[in-house]
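Undergrad: Have a look at this prediction, sequence included:
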Amino acid sequence: MARSRPLLPALAVVVLLTPAAGRAADMSAREVTERLVAADPARPVDLSGKDLARLDLSGLDFKRALLARADLFGADLTGSDLTRSDLSEAKLDRAVLIGVRLDHAKLARASLLRPSAFSTLGAPASEAPSLVGADLSEARIFGRLNRANLAGANLRQATMAPFGKTGFIEHIWRTELLGANLEGADLTRADMTHALLRYANLRGARMAGVVLTSADLSGADLSGADLTGADLTDADLEGAILTGVTGLDQTLGMAAARNAAKAVR
């Protein structure tokens, strides 16, 4: 009778099934830091496509670095300045974004799934990310971004709706933008299904065709916003300010919106 092969130890099985678990990044945090310190913003450091996952890159001035398609999964960017950096199609899932500056950064088609933007559940405003004027068109965003500054940001066709299980312990079920500043932002055809937008500043926002199905807009200020073709089915409008909103008569689902009679017009 042939002798059966011994079973692999359980740990070995795990390693075989998860080859990325022990994968090293393309560069160390020290190497990235040294390159950035020596960089000239007129000639940005090119880190495009680099695997920088899980590195501690906190407190760094990226000096408009080129990070298109970079893998920053789980990277710690606490307090870092990525103003005007190119992060197009970059992966920022599970990244730590406490107090990060991404003003006017290029984040088109980037992935920001469940980033850590706060050190506590209280989500203090002092730790909220700044994305003023950032290009987040067609980006995939899901997480707690309460009080974030997205004034003038481009969120055209961005997806902020729930997307299902990830295998991690789930602690949120919708994108949270409580009290966020979205004044003048472009949300044309964005999917904000279930989004928490309570007390958000949406003054003058371009929201034509935006999907706000089951979103919480209670207390939000939409003064002067364009809601032409927006879907408000089952959205909560209690206390929402709709003064000067254009396209309100061309929205979808207004009859099915909650507390529409309690909105301020």
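TA: Noted; the coordinates are in hand. Numbering: from 1, shown residues only.

Undergrad: Where does pLDDT dip in this structure?
TA: Along the chain, the parts satisfying pLDDT under 70 run over 1-24, 164-171.

Undergrad: Contact partners for K63?
TA: Applying CB atoms under 8 Å, 6 or more residues apart in numbering, we find K63 in contact with L36, A39, D40, P41, P44, V45. Every residue, glycine included, has its C-beta placed from N, CA and C.

Undergrad: and which of those residues is nearest S137?
TA: For the contacts of K63, the closest approach to S137 (CB to CB) belongs to P44, at 21.2 Å.

Undergrad: Excluding chain neighbours, what is closest to the closest one?
TA: Of all residues not flanking P44 in the chain, R64 sits nearest, at 4.4 Å (CB to CB, 6 or more residues apart in numbering).

Undergrad: before we move on, the earlier item: with neighbour count added, can I get the contacts of K63 in a markdown table?
TA: Below are these laid out as a markdown table (neighbours: other CB atoms under 10 Å):
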| residue | neighbour count |
| --- | --- |
| L36 | 18 |
| A39 | 17 |
| D40 | 9 |
| P41 | 13 |
| P44 | 18 |
| V45 | 20 |
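
Undergrad: will you turn these into CSV that also has distance to A185 and secondary structure?
TA: CSV is the format used below for the contacts of K63 (distance: CB to CB, whole Å; DSSP: H, G, I helix; E, B strand; the rest coil):
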residue, distance to A185, secondary structure
L36, 29, helix
A39, 30, coil
D40, 32, strand
P41, 26, coil
P44, 26, coil
V45, 29, coil
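
Undergrad: Switch the residues you listed over to a markdown table; also include distance to L87.
TA: Converted to a markdown table, these look like this (distance: CB to CB, whole Å):
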| residue | distance to L87 |
| --- | --- |
| L36 | 15 |
| A39 | 16 |
| D40 | 20 |
| P41 | 16 |
| P44 | 12 |
| V45 | 13 |
